[in-house]
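Trainee: model the following, please.
(one chain, ligands or ions: 1)
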Amino acid sequence: MSKKQVLVTGACGEIGQALIQGLAQRGGYHIVTSDLAPLPKSIQPYVSEHFQGDMLNKTKLFYDYDFEVIYHLAAFLSSKAESMPEEAHKVNVEGTMQLLLLAAYKSEKKSRAVQFFFPSSIAAHGLPDAKTKTAVGCIKEDEWLRPHTMYGANKLYCEDLGNYFSRYYGQRHLEPEPPVMLDFRALRFPGLVSAFTLPSGGTSDYGPEMLHAAAQGKAYACFVRADASLPFMAMPDAVKSIFMLMDAPRPAISQSVYNVSAFSQTAAEFRQRALQAFPGAQISFEPNLLRQGIVDSWPADVDDALARRDWGWQPDYDVDRFFEVYFLPEIRKRYGK
Ligand code: AKB
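Mentor: Next up, the predicted model:
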């Protein structure tokens, strides 16, 4: 049987590495990747071809392939995007636009919908302040869509672009025989935590940074207040949710963008867990105004009832299982503690 050709952009990022391992475990994929960085050794055996460098103006190269699925993960995360908004817009929006055009063209040409996965984020939401955030609690996909960050604005707009290309591109849906359009699907991820990799440039990074620092016996100054609260998810659940969404039959998909959630934690609760696991861990709080402001604008929890209803979403790891079954055993092996 011929292998499914897939493209993974941003392959060297945290989701990219975990996703490629997941694809390799499933088998049957011819994996092509791109990233600014060279491929880490751990995923090299699974990748057939890697394009290294800034792909923004080179997506023409991909027109020679017949990708059945595009996982477009390349992006500047929220804190980095705030310090380089123009660059972030180029990478986050123009990069997505180029790949959507490719997927739209190939879907029509081959009369087969190219599947397009886009990792959106809780950053697509924007709550006015910490007081409102506490008052509203858990929010749905269509609530509070006024992002405060360049990254969040980019994510929200790309969700709309994906929806446009998959339903209304060129108003072709009005033609008597509309062409096959691409199949765009997005998940709004919370902060993701991996035991194997560390994020960079994000604002939810204090969670994983704190835990990895404690496991290595390094002091950590947390850049948000102790009461800062965000939804988080174990990386294996993030990969599971991507596969579940992409495997779902098209008629089951009632919308192109879904919330997914697993557990919410305050920074103080993360610290407490770190202290229990690594007594003597030195974790202090030195809030940074800008990054605290971003966290205050993101929801403390998201309602993922639609994902549960439409394609049976359920995380494997609640907070206890996250620490006891996934994170601590893996991190102890990794750092030998
Ligand atoms: C970030 O902090 O920028 C990301 C996200 C929540 O999308 N981890």
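Trainee: residues contacting the closest residue to the ligand within the stretch 151-300 of the chain?
Mentor: Nearest to the ligand, among the residues of the stretch 151-300 of the chain, is residue 202, at 2.8 Å (CB to the nearest ligand atom). The C-beta positions use only the backbone N, C-alpha and C, and glycine is treated the same way. Going by CB atoms under 8 Å, 6 or more residues apart in numbering, residue 202 touches 77, 78, 79, 80, 191.
Trainee: can we see that at 7 Å?
Mentor: 77, 78, 79 (CB atoms under 7 Å, 6 or more residues apart in numbering).
Trainee: and the second one, how far from residue 202?
Mentor: Think residue 78. 6 Å (CB to CB, to the nearest Å).
Trainee: overlap in contacts, those two.
Mentor: Common neighbours of residue 78 and residue 202 (CB under 7 Å, 6+ apart) do not exist.
Trainee: tell me which helix or strand the nearest residue to residue 257 once chain neighbours are set aside sits in.
Mentor: Distances taken as CB to CB, 6 or more residues apart in numbering place residue 186 nearest to residue 257, at 4.5 Å, with adjacent residues excluded. Per DSSP states H and E, residue 186 falls inside strand 183-189.
Trainee: what sits up against the following helix or strand past that strand?
Mentor: Next along the chain after strand 183-189, taking DSSP H and E as the criterion, comes strand 191-193. With CB under 7 Å, 6+ apart as the test, strand 191-193 has contacts from 14-15, 204, 207-208, 211, 230-235, 238, 327.
Trainee: so how far is the helix or strand of the chain with the lowest mean pLDDT off the chain centroid?
Mentor: Across the helices and strands of the chain, mean confidence by mean pLDDT, DSSP states H and E is lowest for helix 328-335: a mean of 93. The chain centre lies 23 Å from the centre of helix 328-335; the measure is CA atoms, centre = their mean, to the nearest Å.
Trainee: same check on stretch 273-283?
Mentor: Remark: stretch 273-283 is offset 28 Å from the chain centroid, using CA atoms, centre = their mean.
Trainee: same question for stretch 151-169.
Mentor: 15 Å.
Trainee: what is the mean pLDDT for it?
Mentor: Mean per-residue pLDDT for stretch 151-169: 98.
Trainee: in it, which residues are buried?
Mentor: Neighbour-count burial for stretch 151-169 flags 151-159, 161-162, 164-166, 169 (criterion: 16 or more other CB atoms under 10 Å).
Trainee: from the residues you listed, which land in helices?
Mentor: Members of the buried residues of stretch 151-169 lying in helices (criterion: DSSP state H): 151-159, 161-162, 164-166.
Trainee: and the residues you listed near the ligand, which?
Mentor: Contacts with the ligand within these, as defined by CB under 6 Å from any ligand atom: residue 151.
Trainee: and the ones in helices among the buried residues of stretch 151-169, which is closest to residue 123?
Mentor: residue 152 (3.6 Å; CB to CB).
Trainee: around the ligand, pick out the residues from the stretch 151-300 of the chain.
Mentor: Residues of the stretch 151-300 of the chain lying near the ligand (CB under 6 Å from any ligand atom): 151, 189, 191, 199, 202, 203, 204.
Trainee: what about the fourth one, neighbour count?
Mentor: Looking back up the chat, that one is residue 199. 22 (other CB atoms under 10 Å).
Trainee: contact partners for it?
Mentor: Contacts were defined as CB under 7 Å, 6+ apart; by that measure residue 199 touches 14, 77, 205, 208.
Trainee: and for the second one?
Mentor: Residue 189 makes contact with 119, 121, 233, 238, 260 under the criterion CB under 7 Å, 6+ apart.
Trainee: doesn't residue 177 fall inside a helix?
Mentor: No: per DSSP: H, G, I helix; E, B strand; the rest coil, residue 177 lies outside any helix segment and is coil.
Trainee: got the phi and psi for it?
Mentor: The phi and psi values for residue 177, taken as degrees, to the nearest 10, are phi -120, psi 80.
Trainee: how close does it sit to residue 215?
Mentor: Distance from residue 177 to residue 215, by CB to CB: 58 Å.
Trainee: where does residue 324 land on pLDDT?
Mentor: For residue 324, pLDDT reads 97.
Trainee: what does residue 186 give?
Mentor: 98.
Trainee: just residue 307 next, same as before
Mentor: 98.
Trainee: show me where pLDDT drops low in this structure?
Mentor: Under the criterion pLDDT under 70, the flagged ranges of the chain are 337.
Trainee: show me where this protein has its helices.
Mentor: Going by DSSP H, the chain shows helices at 14-26, 78-83, 85-89, 95-110, 130-136, 150-167, 206-215, 235-247, 267-277, 289-297, 305-311, 319-321, 328-335.
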